[in-house]
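Engineer: starting from these lines, generate the structure:
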Amino acid sequence: MVDFSAYSADVVREATSLLRHKANIYIHISTDSVYDVCDPDRRSEGPVREQDSVRPDDIGYRDMLSSHHDYGHRKLEAEEELVIQRYNHSDQLLGIPYIILRLPDVLGPRDTTYRFWLYQLWLRLGPLLIQHPVTIPQFLMDQKNSFVYVDDVAKVVLEAVEAESDNEAYTDQVVSLTLN
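Structural biologist: Numbers count the residues shown, from 1 in each chain. I've put the predicted structure just below:
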């Protein structure tokens, strides 16, 4: 099962309970926005890693981050539910094995936001827009962005499904796909 649309723990809980004895693997398409609700003090040096997705111990701080980053909060809840369903069964039968793919901004021919191309156009036209110069706020000067191409995501999903059918799956994993 490949899930591109689960945005909450409730949706994952319902899907896994219905598919528990029918699905061989649950591939959950998540987001790198989950790191926005995680404890920055527990992050490793350098780029964010999958194991950095730890919520703060302080409940107040956790709630504040969750309220400011609702999308990341809900997607992380969905991920947490996948782990719970996998390992917390009283009848000793494990839940569905999973792979979580944390994607950054996805680029591709069907991206209806055209955000990347609009930014590029805006920057290229900058010298011609003397009346309205292109400015970047100071707090964004060192902002790093990551992108992934939609065809690369499709290849990874296909490889995961094929590996599962060959009994070589790397299940119960979280993978971040990024191009920096």
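Engineer: look up which helix or strand L82 falls in, please.
Structural biologist: For L82, the element it lies in under DSSP states H and E is helix 70-87.
Engineer: elements contacting the helix or strand just after that helix?
Structural biologist: Later in the chain than helix 70-87, the nearest helix or strand by DSSP H and E is strand 98-103. Where contact means 3 or more Cβ pairs under 8 Å, 6 or more residues apart in numbering; DSSP states H and E, strand 98-103 is packed against strand 26-31, helix 70-87, helix 150-165, strand 173-176. In this view, the C-beta of every residue, glycine as well, is placed from N, C-alpha and C.
Engineer: can you list the neighbours in contact with the shortest one?
Structural biologist: Taking contacts as Cβ atoms under 8 Å, 6 or more residues apart in numbering, the residues outside strand 173-176 that touch it are 30, 32, 48-50, 53, 79, 99-104, 156.
Engineer: filter those residues to the buried ones?
Structural biologist: The neighbour count (16 or more other Cβ atoms under 10 Å) marks S30, D32, V48, S53, E79, I99, I100, L101, R102, L103, P104, V156 as buried among the contacts of strand 173-176.
Engineer: any chance of a markdown table for the residues you listed, columns distance to D70 and pLDDT?
Structural biologist: Below are those laid out as a markdown table (distance: Cβ to Cβ, whole Å; pLDDT from 0 to 100):
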| residue | distance to D70 | pLDDT |
| --- | --- | --- |
| S30 | 15 | 94 |
| D32 | 15 | 91 |
| V48 | 19 | 81 |
| S53 | 16 | 89 |
| E79 | 15 | 95 |
| I99 | 24 | 91 |
| I100 | 19 | 93 |
| L101 | 21 | 93 |
| R102 | 17 | 92 |
| L103 | 18 | 92 |
| P104 | 18 | 90 |
| V156 | 27 | 90 |
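Engineer: and which of the residues you listed is nearest to C38?
Structural biologist: Nearest to C38, judged by Cβ to Cβ, of those is S53 at 5.2 Å.
Engineer: the closest one contacts L76, doesn't it?
Structural biologist: Yes. Here S53 lies in contact with L76, judged by Cβ atoms under 8 Å, at a distance of 6.7 Å.
Engineer: so what sits against both of these two?
Structural biologist: The contact sets of S53 and L76 overlap at V34, C38 (Cβ under 8 Å, 6+ apart).
Engineer: alpha carbons only: can I get stretch 143-158 in CSV?
Structural biologist: Provided in CSV are the C-alpha atoms of stretch 143-158 (Å, rounded to 0.1, in the frame of the first residue of the first chain):
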residue,chain,number,x,y,z
GLN,A,143,17.8,29.6,4.5
LYS,A,144,18.5,26.2,2.9
ASN,A,145,16.0,24.5,0.6
SER,A,146,15.7,20.9,-0.5
PHE,A,147,13.9,19.6,-3.4
VAL,A,148,13.2,16.2,-4.9
TYR,A,149,12.0,15.4,-8.4
VAL,A,150,8.7,13.5,-8.7
ASP,A,151,10.2,10.8,-11.0
ASP,A,152,12.8,10.0,-8.4
VAL,A,153,10.1,9.6,-5.7
ALA,A,154,8.3,7.2,-8.0
LYS,A,155,11.4,5.1,-8.6
VAL,A,156,12.0,4.8,-4.8
VAL,A,157,8.4,3.8,-4.2
LEU,A,158,8.6,1.2,-7.0
